[in-house]
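**Q** Build me a model from this:
(chains A and B)
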2 protein chains.
Amino acid sequence: MRKGAETRERILDQAVRLASRDGLEGLTIGTLSTELGLSKSGLFAHFGSKDELQLQVLQATVQRFEETVIHPALSAPRGEPRIRAVFENWLAWENNPSMPGGCLLIAAAVEFDDRPGPQRDFLQEAHRRRFAFVAKAARMAVETGHFRPDLDVEQFSFDVTAIALGYHHLHRMLRDPKADARARATFERLMADAKACAFTR
Amino acid sequence: MRKGAETRERILDQAVRLASRDGLEGLTIGTLSTELGLSKSGLFAHFGSKDELQLQVLQATVQRFEETVIHPALSAPRGEPRIRAVFENWLAWENNPSMPGGCLLIAAAVEFDDRPGPQRDFLQEAHRRRFAFVAKAARMAVETGHFRPDLDVEQFSFDVTAIALGYHHLHRMLRDPKADARARATFERLMADAKACAFTR
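**A** All right, here's what the predicted structure looks like:
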């Protein structure tokens, strides 16, 4: 049993790696079996179908995102420190070595947004949860008095999402060495706006 | 000759449509021939290879983007009106009926950002040109006095890119009915910041 779980983990690691390069549709049980030196039938025994493999790869990736970005941020104090922790963790996540071809959650969102099925349902739910988490962290920052009382916390969450997507685009597609600085500059302007009291805005 | 050009146009229309749904890797000459009722050998005569088909689909899409978003904005007066025209045209482009599966340029960026080759080279160049166009339009807005003199125009271009990507994500992945309002709210804050003189910021 123990060994089965380890094998499964090793398969998912490699599957995340390949999917970050080739997309989830480009991930085939054939390529995966070649890369891992395992038989196709062995892989089928673990995952049953390509749909199931895709779903488990997405589940493993979301779990890692939450362990890397969300959970450590919960150790930071509520308010501005937690918001900053989420942002820092998220930028770092975009360069996570487990995904050499770039963020699988961004790639999968584009790949599955118009394909109804369990993969899209799962992704949509995960992205909504992440969106709600940032909005909630912003709400706490209002409650602690770090952010202004009239802040639209969902708009704030949209803005953080947009910065992360913009960073990914500049970094991965344009290969712009200023991607990191650009994302941080926009984030600091967003923070200043969220903190400014209504009279000085 | 005339007829050949029309057929080619019809093939590319359908290819853009399919690629917006299935990705460029998911676009096969087989599917395309079934959808169009043309023989595979006929399609090969037009495009030669899958790589060449992908490249021509990307070229056709970039040309449409420029005709839909960039060129009409050039008819708007320099300064704030041109910036607003680019933004409006860009949001409308994301819902262009020729791409029922969502923006092919965003999807292709994620698909090709880590795959060296002529497709990536072409896309990178097109995205850089678009980035530079918005930065140049912002520079003109500084020159006309609409934007403050110390505005970082490339940062401004990054911010517009991030809003467009955030809009696409909220609209397509989260199916959030507020996507349009969110994108506009962030854009208006960006405009207010670009216009504000240094003393009132």
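**Q** which other helices and strands contact the longest helix that chain A contains?
**A** For chain A, the helix with the greatest residue count under DSSP state H is helix A:118-143. Taking 3 or more Cβ pairs under 8 Å, 6 or more residues apart in numbering or on different chains; DSSP states H and E as contact, the helices and strands that helix A:118-143 lies on are helix A:50-65, helix A:80-93, helix A:104-112, helix A:153-168. C-beta: built from backbone N, CA, C; applies to glycine.
**Q** ok, now which ones touch the closest residue to A:Ala19 other than its chain neighbours?
**A** Using Cβ to Cβ, 6 or more residues apart in numbering or on different chains and skipping the chain neighbours, the partner closest in space to A:Ala19 is A:Leu27 (4.5 Å). Counting by Cβ atoms under 8 Å, 6 or more residues apart in numbering or on different chains, A:Leu27 makes contact with A:Ala15, A:Leu18, A:Ala19, A:Lys50, A:Leu53, A:Gln54, A:Val57.
**Q** For PyMOL, what selects the buried ones among these?
**A** Selection of buried members from those for PyMOL, criterion 16 or more other Cβ atoms under 10 Å in any protein chain shown:
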select buried, chain A and resi 15+18+19+53+54+57
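**Q** Pick the one among the contacts of A:Leu27 closest to A:Glu188.
**A** A:Ala19 (33.3 Å; Cβ to Cβ).
**Q** Packing partners of the helix or strand that contains that closest one?
**A** For A:Ala19, the host element (DSSP states H and E) is helix A:2-22. When contacts are defined as 3+ Cβ pairs under 8 Å, 6+ apart, helix A:2-22 packs onto helix A:29-36, helix A:40-47, helix A:50-65, helix A:104-112.
**Q** Out of these, flag the one nearest chain B.
**A** Set against chain B and scored by Cβ to the nearest Cβ, those come closest in helix A:104-112, at 4.4 Å.
**Q** just the CA coordinates of that closest one, formatted as PDB?
**A** Extracted in PDB, the C-alpha atoms of helix A:104-112 (Å, rounded to 0.1, in the frame of the first residue of the first chain):
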ATOM      1  CA  LEU A 104      -0.300  24.800 -14.700                       C
ATOM      2  CA  LEU A 105      -3.300  26.500 -13.000                       C
ATOM      3  CA  ILE A 106      -3.100  29.500 -15.500                       C
ATOM      4  CA  ALA A 107      -2.500  27.100 -18.400                       C
ATOM      5  CA  ALA A 108      -5.300  24.800 -17.400                       C
ATOM      6  CA  ALA A 109      -7.800  27.700 -16.900                       C
ATOM      7  CA  VAL A 110      -7.200  28.700 -20.500                       C
ATOM      8  CA  GLU A 111      -7.400  25.100 -21.700                       C
ATOM      9  CA  PHE A 112     -10.500  24.100 -19.900                       C
END
